[in-house]
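S.K.: coords please:
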Amino acid sequence: MEPIRCCIACKTRKNKKEFFRIVADNEKNAILDKNQNINSRGIYICKDKKCIDNLKKAINKNKIKLKINVDDRSLLEVLEELGEEIWEN
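M.R.: Down below sits the predicted model:
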């Protein structure tokens, strides 16, 4: 049985493979963990443009507390890339 995780934006619970996973490196830069195997605390977000946009808005308004210590600017860059990737598909 696959582990269940929760989207940081909408709080929907799903199989972890149905989410994007983002972790922070040692310099607090956000990294997309494509294979979901980096040994670090991470956050999960739905593969949905609406969730990505909602998380970007929450970060810009300082209205979200994350479980990882990450630079907001680098996190927004990763979210922007994810949004573009979803838009193309």
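
S.K.: How far off centre is the helix or strand of the chain with the lowest mean pLDDT?
M.R.: Every helix and strand of the chain was ranked by mean pLDDT, DSSP states H and E. The lowest is helix 72-88, at a mean of 89. Here helix 72-88 is found 9 Å from its chain centre; the criterion is Cα atoms, centre = their mean, to the nearest Å.

S.K.: do you know how far Ala24 is from Lys14?
M.R.: Distance, Ala24 to Lys14, by Cβ to Cβ, to the nearest Å: 22 Å. Yep, even glycine has a C-beta here, placed from its N, CA and C like the rest.

S.K.: These two: who's more crowded?
M.R.: Set side by side, Ala24 and Lys14 show more neighbours around Ala24, with 21 against 15, by other Cβ atoms under 10 Å.

S.K.: Assign the closest residue to the more buried one other than its chain neighbours to helix, strand or coil.
M.R.: Excluding the flanking residues, the one nearest Ala24 by Cβ to Cβ, 6 or more residues apart in numbering is Val70, at 4.0 Å. Using DSSP: H, G, I helix; E, B strand; the rest coil, the secondary structure recorded for Val70 is coil.

S.K.: All good on my end, thank you.
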